[in-house]
Structure formats: structure tokens, C-alpha cells
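Peer 1: Could you look at this predicted model? Sequence included:
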Amino acid sequence: METKIVINGQINGNHRLHNAICTSKSRTETAAFYGYRIYFKTKKEAKKALWDAYKYMRAEEPEYAKRGITYLPGEALYYDGSKAELYTD
């Protein structure tokens, strides 16, 4: 079942989430207002991409991670004023 992660919010945060979530197994489309839609073949791949992005962002910005990065397991990743939410078709 194809699954997508929709990123929207502030421009800088959107780009940061997009760069952290994209993998070689994903397909990206741009959305309105500098947003993105990232498609994965399975829900498992999408969940793993969110988790890996969270770990990457936490390692890159340890001070900011304490207050500005929120991960809801298997559902969403929030960074600054942007959010990446998982949807299944």
C-alpha cells in the first residue's frame, strides 16, 4: 500500500525535514507554499524514514532537539514551525 509523508509549515523547516526524510526508495513531489509530498511503497518504509530523520536531526542539533524536535512514533515529526505527517491511501 503506497504511503506518503506530507511536509508543510515554514520554508526553512520544510527543507530541513525534506532533506532528512528522503531516501533512495522514495519519490518526491513539491506541494503548495514550499511543501513536499514524499511517497513510499510501504508504510514500514515511511515509518522507518521518519524515525531515521528524527535520529539524524537529533544528532545534528543536540541543543535544539531538547525543545524543538518532536516525534510521534509512526505518525509525525515536528521541527521548528514545520510538520511531516504520515498518510496511507
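Peer 2: Perfect, I can see it now. Numbering: from 1, shown residues only.

Peer 1: Can you name every helix or strand that the lowest-mean-pLDDT helix or strand in the chain contacts?
Peer 2: Every helix and strand of the chain was ranked by mean pLDDT, DSSP states H and E. The lowest is helix 62-68, at a mean of 80. If you count contacts as 3 or more CB pairs under 8 Å, 6 or more residues apart in numbering; DSSP states H and E, helix 62-68 packs onto no helix or strand. (C-beta placed from N, C-alpha, C; glycine too.)

Peer 1: in its sheet, what does the next helix or strand after it sit against?
Peer 2: Under the assignment DSSP states H and E, the closest C-terminal helix or strand after helix 62-68 is strand 69-72. Partner strands and pairing direction for strand 69-72 (DSSP bridges) are strand 76-79 (antiparallel).

Peer 1: May I have the partner strand exported as CSV, CA atoms only?
Peer 2: The C-alpha coordinates for strand 76-79 follow below in CSV (Å, rounded to 0.1, in the frame of the first residue of the first chain):
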residue,chain,number,x,y,z
ALA,A,76,4.5,12.6,12.6
LEU,A,77,7.7,14.5,13.0
TYR,A,78,7.7,18.2,14.1
TYR,A,79,10.6,20.6,13.6
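
Peer 1: Could you pull out the buried residues of the following helix or strand past it?
Peer 2: The helix or strand immediately downstream of strand 76-79 is strand 82-88, counting by DSSP H and E. For strand 82-88, burial by neighbour count (16 or more other CB atoms under 10 Å) applies to 82-84, 86.

Peer 1: what do you get for stretch 16-28?
Peer 2: 16-18, 20-22, 26.

Peer 1: pretty sure Y87 contacts E2?
Peer 2: No - if you go by CB atoms under 8 Å, Y87 and E2 don't touch, sitting 9.9 Å apart.
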